[in-house]
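Colleague: One predicted model, sequence on top.
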Amino acid sequence: MSATIKGISKSDVQYDGVALRVAIVHARWNKPVIDALVAGAVAKLKESGVKESNIVVQSVPGSFELPLACSRMIAGAHVQTSSNVTDLLSGLSFGGISNVETPATAATVTMPNEPFDAVIAVGVLIKGSTMHFEYICDSVSHALMKVQLDTGVPIIFGVLTALTDDQALERAGLGRGENKGHNHGEDWGLAAVEMGFHVRRWREGKFD
Ligand SMILES: Nc1c(NC[C@H](O)[C@H](O)[C@H](O)CO)[nH]c(=O)[nH]c1=O
Ligand SMILES: CC(=O)[C@@H](O)COP(=O)(O)O
């Protein structure tokens, strides 16, 4: 396979992901490929300093569900979550005493939620024998771009649109022949850190 110029060169700037919060929303169709892509993205997020506790992973049935999932997770990240103390304490034990009795009228604790700095939408579409593939690819790609621009939250396009199983496998580093390919999930993780980092700075008017 001839050398390719595809992809982005490794940036000289190491983007610091320590403060970032990133969501990964993935479909479950073609799961072996999905799992490799998600693992690649998580690995690069953590390598870039994103704390594991700041990486939120959610799944949906298929790629067609990705745009709504991204939209609702971005919206939900701004909601103050609340739990009553009973719920919070009911699973705790004190000095080995489990099922501790908690007051019936427990106070409500409002937990701050943090917005996502970036969302990685992961899906694997593999062409079948009908036009279903074309319609999903077209609608999902346009919808993800719309959610990104409407919300201002970077959505990394992690949807493989493969004509064959092997095209999908090779883009997850799972190639069946000599060419194992390259795990595109790693690039998506790095893109999420860079865009999350950029958007935070640009929001503050920093362009240095
Ligand atoms: N064929 C593939 C699908 N199809 C399912 C749709 O994405 C959707 O879940 C269904 O139409 C219900 O709304 N999804 C993939 O992610 N990959 C495919 O190859
Ligand atoms: C991407 C798809 O929806 C596709 O895998 C479905 O296959 P088919 O077109 O043969 O129904």
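Modeller: Yes, it's here. Residues are numbered from 1 along each chain as shown. Ligands and ions are numbered 1, 2, ... in the order given.
Colleague: quick one: buried residues of the helix or strand hosting L190?
Modeller: Using DSSP states H and E, L190 sits within helix 184-203. Buried residues in helix 184-203, counting neighbours by 16 or more other CB atoms under 10 Å, are found at 184-199. The way it works is simple: take the backbone N, C-alpha and C, and place the C-beta from them, glycine included.
Colleague: From the residues you listed, pick the one nearest D35.
Modeller: Nearest to D35 out of the buried residues of helix 184-203 is G185 (CB to CB; 9.6 Å).
Colleague: How many neighbouring residues does the residue in the chain positioned nearest to ligand 1 have?
Modeller: Going by CB to the nearest ligand atom, ligand 1 is nearest to G62 of the chain, at 2.2 Å. Neighbourhood size, G62 [other CB atoms under 10 Å]: 15.
Colleague: Give me the pLDDT for it.
Modeller: Predicted confidence (pLDDT) for G62: 98.
Colleague: Can you tell me the SS state at the residue in the chain positioned nearest to ligand 2?
Modeller: Closest to ligand 2 within the chain is G128: 2.1 Å, counting by CB to the nearest ligand atom. Three-state call for G128 (DSSP: H, G, I helix; E, B strand; the rest coil): coil.
Colleague: cool, and A121?
Modeller: strand.
Colleague: what's the answer for the one 4 residues further on, then?
Modeller: At L125, secondary structure determined by three-state DSSP is strand.
Colleague: Tell me the predicted confidence for it.
Modeller: For L125, the model assigns a pLDDT of 98.
Colleague: who's it bridged to?
Modeller: On the basis of DSSP bridges, L125 is bridged to T161.
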